[in-house]
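> give me coordinates for this.
(chains A and B)
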Amino acid sequence: MDKYLEMIRIRFLMMLAYRTNYYTGILIYSINIGAYYFLWSAIYGTKEQIVGLSVTQMTTYVAVSWMARAFYFNNLDREMALEIMEGKVAVELIRPYNYLGMKVMQGLGEGIFRLFFFSAPGLIIVYFVFPVEFTWDLSVWGLFGLSILLSFFINTELNLLTGITTFFLYNNAGLIRAKRVVIDLFSGLLLPISFFPGWAQDVMKFLPFQGISYFPSMIVTKGFSHPQAIDAITQQFVWVILLFFPIQLLWSLAKKQLIIQGG
Amino acid sequence: MKNVIEVNNLRKEFKAYSSRTGLKGAFRDLLTRNYKVVPAVNDINFSVKKGEMVGYIGENGAGKSTTIKMLTGILTPTSGEISVNGMNPHKEREKFVQTIGVVFGQRSQLWWDIAVQESFRLLKKVYKVSDADYNSHMNHVIHTLDIEPLLDKPVRKLSLGQRMRCELAAALIHNPPLLFLDEPTIGLDVLVKLKIRDFLKEINEKYQTTILLTTHDLTDIEALCERVIMLDEGKVIYDGALKSLQEKWGEGKELQFQFLEPVEMTAVQNLTSGIPVKWDLNKKEQIFTATLEDNDELISQIIAKVVAEFKIKDIKINETSTEEIIRNIYEKGAV
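Next up is the predicted model:
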């Protein structure tokens, strides 16, 4: 376990090594939140509520979902694809650790770094600039914390799945981009799931995506009641376990037909 | 003594895809693709004993790296058996890699953006090395490889030679009994090469570390390895002492002459017509080379005749170099 914790520390160091990335990240997220705030206030116009959410709740939803994204989002799929394409995966395989486990830890290190040095200060700024409303109910924040941790695992598992396909496809840049758009759209980051047409919502229930962004954001904006929140977290948990199996399967297949590229 | 590495009928096949020609061919490729099964490693057998330093050589694409990757558990063999340190590398990968060290000359195993010592610290945790072991062993390694001043620099700021020394140290953090080096001296200057060679010799003597080395620099092999395994098109074509290879193939000697005045090739050939000798001329530098068997009598005769006839600028007597021997073998593809 020691080695996995050490990997989180290393990832912190790596994030600090590239400070410019970090600052531009904050800027991009602020612009995004601002843009969505103005978009939504235009859509609401004089309306009090749309699909049960008030404009303040909507703004909070947008702010929280972008800040949560900073935690669960990572580029593990792209990193894996690069490592596989350049043959660096050979070096990973001569170390006594689980490659995928180490990747998850790198993602987690990155996530924790962004949560504390990026989301938390960001949320404070947003709180003063935009009309958002945070609850001071600690149990809600507790559930939120649990929920974004599970979001992280679902998203990371999807990334690992996409990353492993590089072993078979050798170049999957298109797939990675498609996955990213699908996740942004279907996870409820751009549009809360309750705004989707009824049939689409029904389909969504059978997909893991809403567990990535919609559930945690709804929990913290109090769009979900307490039992609904528990139900959502249980669903997330089930997805974390379900997604584990195809990863193991693909990984054992991938190892058998691994080709190290470039000598 | 026990065998550290045992390889029986090891085979690795790759599919080599080929594209059809033209637009029509490109569309057909979308549906079905032509491929050939190419054996990169073709039923090889060998074993290595503890404490041996073995040079694993062959032309580019002979299958050296593929073998190393199978021995280190990265690639799964198509067929055959491997036992390294008493384990099957692929099946028990995580436990197995704890007992080996690997340096890939062409890839870095240090983290690019962070200081060398942070990489070391992570590897120390990864290999579960105790502080006491780390200090006693690594202090020595760091001192011998002279990398102390580099430890706080990020890897991307190191020169190739500096980086390679750090790579070697990183591969030795857990003091493995078996070390795989895949072209460890590629692109390095003479001084760094010497330092690395001395260091490898030292750990081999001190810890009885077994070393398997692939390289294209035969001076590495000459300096380090008593035994070589030579590979060609996936097959072992020679496995034995470097010395006997030299004795068997390097029997002849070479005499090189440079003359003060222009000399015709035919004149030289006529002069030594009765003696079994082959003359070559390097036209650009006007160096005449006589190749003949290693016989003191004959050599003296030729020198005597040539010196008596022409004015000499320079004479050299060379034994056939290992490089030449190896080149001959590569060209013939057999020993």
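> pretty sure B:Glu81 sits in a strand.
Yes. Judged by DSSP: H, G, I helix; E, B strand; the rest coil, B:Glu81 forms part of a strand.
> who's in contact with it?
B:Glu81 makes contact with B:6-10, according to C-beta atoms under 8 Å, 6 or more residues apart in numbering or on different chains. The C-beta positions use only the backbone N, C-alpha and C, and glycine is treated the same way.
> for A:Pro216, same thing?
Per C-beta under 8 Å, 6+ apart, neighbours of A:Pro216: A:64-65, A:68, A:144, A:147-148, A:151.
> out of the residues you listed, which are buried?
Restricting these to buried positions leaves A:64-65, A:68, A:144, A:147-148, A:151, with burial counted as 16 or more other C-beta atoms under 10 Å in any protein chain shown.
> distance check, B:Thr185 against B:Gln162.
14 Å (C-beta to C-beta, to the nearest Å).
> then B:Glu118?
In this structure, B:Glu118 and B:Gln162 are 16 Å apart, going by C-beta to C-beta.
> try A:Ala17
19 Å.
> between the two, who's got more neighbours?
Using other C-beta atoms under 10 Å in any protein chain shown as the criterion, A:Ala17 and B:Gln162 rank with B:Gln162 on top: 19 against 16.
> run a quick neighbour tally on the closest residue to the more buried one other than its chain neighbours.
Beyond its immediate neighbours in the sequence, the residue positioned closest to B:Gln162 (C-beta to C-beta, 6 or more residues apart in numbering or on different chains) is B:Leu150, lying 5.4 Å away. When neighbours are counted by other C-beta under 10 Å, B:Leu150 registers 21.
> cool, B:Asn85 as well?
Other residues near B:Asn85 come to 20 when the count uses other C-beta under 10 Å.
> so who does it touch?
Applying C-beta under 8 Å, 6+ apart to B:Asn85 gives the contacts B:4, B:96, B:99-100, B:177-178.
> how close does it sit to A:Glu48?
Distance from B:Asn85 to A:Glu48, counting by C-beta to C-beta: 72 Å.
> please work out the average pLDDT along stretch A:30-43.
With pLDDT averaged residue by residue, stretch A:30-43 scores 87.
> ok now that stretch, how far from the chain's centre?
Put simply, stretch A:30-43 sits 20 Å off its chain's centre (C-alpha atoms, centre = their mean, to the nearest Å).
> B:Lys284: what secondary structure?
For B:Lys284, the assignment made with three-state DSSP gives coil.
> and for the one 4 residues further on?
Following three-state DSSP, we place B:Phe288 in the strand state.
> my guess is B:Phe257 meets B:Ile287, correct?
Yes. B:Phe257 is within contact range of B:Ile287, at 7.2 Å (criterion: C-beta atoms under 8 Å).
> the two: who's more crowded?
Per other C-beta under 10 Å, whichever of B:Phe257 and B:Ile287 has more neighbours is B:Phe257, with 22 against 16.
> contact partners for A:Ser221?
I think there's a mix-up here, since residue A:221 is Thr and not Ser. Taking C-beta under 8 Å, 6+ apart, we find A:Thr221 in contact with A:53, A:57, A:60-61, A:64.
> before we move on, back to that, the residue nearest to B:Gln162 reaches B:Ala115, doesn't it?
No. Taking contacts as C-beta under 8 Å, B:Leu150 lies outside contact range of B:Ala115: 9.1 Å.
> residues contacting B:Ile302?
Residues near B:Ile302 by C-beta under 8 Å, 6+ apart: B:255, B:272, B:275, B:277, B:290, B:292.
> from chain A, how far out is the last one?
Plainly put, B:Leu292 is 40 Å away from chain A if you go by C-beta to the nearest C-beta, to the nearest Å.
> that residue: how many residues sit nearby?
Residues near B:Leu292, counting by other C-beta under 10 Å, number 20.
> mind pulling up the pLDDT for A:Arg180?
The confidence metric pLDDT takes the value 90 at A:Arg180.
> related to what we said a few turns ago, now the residue nearest to B:Gln162. Its backbone dihedrals?
Dihedral angles of B:Leu150 (phi, psi; degrees, to the nearest 10) stand at phi -90, psi -10.
> just after the strand or helix carrying A:Ala70, pick out the following helix or strand.
A:Ala70 is part of helix A:55-72 when elements are defined by DSSP states H and E. Following helix A:55-72 in sequence order, the next helix or strand is helix A:76-85 (DSSP H and E).
> so what secondary structure elements neighbour that next one?
In terms of contacts (3 or more C-beta pairs under 8 Å, 6 or more residues apart in numbering or on different chains; DSSP states H and E), helix A:76-85 is packed against helix A:89-93, helix A:99-114, helix A:138-164, helix A:166-169, helix A:173-186.
> which residues of chain A lie near chain B?
For chain A, the residues found near chain B under the criterion C-beta under 8 Å from any C-beta of the partner chain are A:2-3, A:6-7, A:10, A:13-14, A:17-18, A:87-88, A:90-91, A:93-98, A:255-260, A:262-263.
> mind giving me the PyMOL select for those, buried ones only?
Of the residues of chain A next to chain B, the buried ones can be selected in PyMOL as follows, counting by 16+ other C-beta under 10 Å:
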select buried, chain A and resi 3+6+7+10+13+14+17+87+88+90+91+93+94+95+96+97+98+255+258+260+263
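> sitting in helices, which of the residues of chain A next to chain B do you find?
Members of the residues of chain A next to chain B lying in helices (criterion: DSSP state H): A:2-3, A:6-7, A:10, A:13-14, A:17, A:90-91, A:93, A:255-256.
> now do the same contact list for the residue most central in space within chain A.
With distances taken as C-alpha atoms, centre = their mean, chain A has A:Tyr72 as the residue nearest its mean C-alpha position (3.1 Å). A:Tyr72 is in contact with A:111, A:148, A:151-152, A:154-156, A:212-213, counting by C-beta under 8 Å, 6+ apart.
> closest one of these to A:Tyr170?
Closest approach between the contacts of A:Tyr72 and A:Tyr170, by C-beta to C-beta: A:Thr156, at 22.7 Å.
> what's near enough to touch A:Gly45?
With contacts taken as C-beta under 8 Å, 6+ apart, A:Gly45 has no neighbouring residues.
> measure it to A:Leu39 for me?
Taking C-beta to C-beta, one finds A:Gly45 at 12 Å from A:Leu39.
> can you check A:Phe71 too?
Summarising the geometry, the distance separating A:Phe71 from A:Leu39, computed by C-beta to C-beta, is 23 Å.
> chain neighbours aside, what residue packs nearest to A:Phe73?
Leaving aside its sequence neighbours, A:Phe73 is closest to A:Asn155 (6.9 Å, by C-beta to C-beta, 6+ apart).
> quick one, what contacts that neighbour?
When contacts are counted by C-beta under 8 Å, 6+ apart, A:Asn155 is found next to A:72-74, A:183, A:212.
> can you list the residues of the stretch 1-150 of chain B near chain A?
Going by C-beta under 8 Å from any C-beta, the residues of the stretch 1-150 of chain B near chain A are B:14, B:65, B:69, B:72-76, B:93-95, B:97-98, B:100, B:102, B:104, B:106-109, B:111, B:113-114, B:118, B:121-123, B:125-128.
> where in chain A is pLDDT low?
For chain A, the stretches with pLDDT under 70 are A:259-263.
> for chain B, same thing?
Along chain B, segments meeting pLDDT under 70 span B:1, B:250-251, B:333-335.
> hey, where'd the strands end up in it?
With strands called from DSSP state E, chain B shows them at B:3-18, B:34-49, B:53-58, B:79-84, B:100-104, B:178-182, B:210-214, B:227-232, B:235-241, B:253-259, B:278-282, B:287-292, B:312-319.
> good, we can wrap up now.
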